[in-house]
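Q: Got a predicted model here, sequence first, then my questions.
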Amino acid sequence: MTEKEKQKKGMFYQANAPEVLKDLYHCENECYEINQIPPSRREERMERLRKLFGKAGNGMFIVTPFFCDYGYNIEVGENFFANTNCVILDEAKVTFGDNVFIAPNCSFYTAGHPLDVEQRNKKIEYALPIHVGNNVWIGGNVVVVPGVTIGDNTTIGAGSVVTHDIPSGVLAAGNPCKVIRKLEE
Ligand SMILES: CC(=O)SCCNC(=O)CCNC(=O)[C@H](O)C(C)(C)COP(=O)(O)OP(=O)(O)OC[C@H]1O[C@@H](n2cnc3c(N)ncnc32)[C@H](O)[C@@H]1OP(=O)(O)O
């Protein structure tokens, strides 16, 4: 099995394998160029991001700087808005539903490393998908870790670290992020 195949299956893989680095370097360059496009050429910026992403719905707007690792693993629904400094480490799929609002400095990390020091130092990595539902507002400085799903119609408070799945229709916040109250019955 190739390292890329292992990555797709959520298994441990060599993060420094040439086949893994090739796409990463391509995307790094794309992000660099996109982040140089001035606000007066917003349409051009959005067009470049649309081409980079696996899927991009109508009404997508992303404030730069924006960073991701592959781009093609990101799928975005209608009316997606991400404020400045959004970081998506999309070694696995990261999917957003419709009407998702993301505040500044939010991070979505599908990638992780073993806690075992010897393995980690051999550049072993794994990646688990992240899913964000429809009509979700994510406050500023939120971190979402590998494998998490956030349900529809939910708000995540500023500064949260989302370590477990969060259900639909709730306000959740904190580190670790926990449900504070239901927003709908
Ligand atoms: C695209 C863009 O979004 S750009 C705009 C960027 N803006 C932001 O990021 C702001 C995000 N806003 C927040 O995080 C706010 O705190 C909100 C929206 C979650 C507050 O919602 P409210 O319904 O007003 O909640 P309320 O203030 O009543 O708080 C309820 C409880 O949750 C706690 N709480 C609220 N927000 C947070 C938070 N971010 N982290 C931890 N606890 C929180 C409160 O302290 C309170 O606890 P208590 O009952 O023990 O006092």
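A: In hand now; what should we look at? Only a predicted model underlies this, so the values are computations on that prediction, with no experimental measurement involved. Numbers count the residues shown, from 1 in each chain.

Q: Can you give me the pLDDT of whichever residue of the chain sits closest to the ligand?
A: Using CB to the nearest ligand atom, the single residue of the chain nearest to the ligand is G157, 2.7 Å away. (C-beta placed from N, C-alpha, C; glycine too.) pLDDT, G157: 98.

Q: Without its sequence neighbours, what residue ends up closest to it?
A: Nearest residue to G157 in three dimensions, chain neighbours excluded: A173, at 2.7 Å (CB to CB, 6 or more residues apart in numbering).

Q: average model confidence for the helix ranked longest in the chain?
A: The longest helix of the chain (DSSP state H) is helix 18-36. Helix 18-36 carries an average pLDDT of 97.

Q: Give the buried residues for it.
A: For helix 18-36, the neighbour count (16 or more other CB atoms under 10 Å) marks 20, 23, 27, 30-31, 34 as buried.

Q: Could you list every helix and strand that that helix packs against?
A: For helix 18-36, the elements it packs on are helix 3-8, helix 42-52, strand 66-68, judged by 3 or more CB pairs under 8 Å, 6 or more residues apart in numbering; DSSP states H and E.

Q: Give me the neighbour count for the residue of the chain closest to the ligand.
A: Residues near G157, counting by other CB atoms under 10 Å, number 16.

Q: Enumerate the residues of the chain near the ligand.
A: Proximity of the chain to the ligand is confined to 81, 83, 101-103, 137, 139-140, 155, 157-159, 171, 173-174, 180 under the rule CB under 6 Å from any ligand atom.

Q: Whichever of these end up buried, select them in PyMOL.
A: Those of the residues of the chain next to the ligand that count as buried under 16+ other CB under 10 Å are selected in PyMOL with:
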select buried, resi 81+83+102+103+137+139+140+155+157+173
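
Q: Using CSV, lay out the helices and strands packed on helix 18-36 together with mean neighbour count.
A: Output for those, formatted as CSV (neighbours: other CB atoms under 10 Å):
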stretch, mean neighbour count
helix 3-8, 17
helix 42-52, 16
strand 66-68, 20
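
Q: Look at the closest residue in space to G159 that isn't next to it in sequence and tell me its secondary structure.
A: Spatial nearest neighbour of G159, excluding adjacent residues (CB to CB, 6+ apart): N141 at 4.9 Å. Look at N141: counting by DSSP: H, G, I helix; E, B strand; the rest coil, its state is coil.
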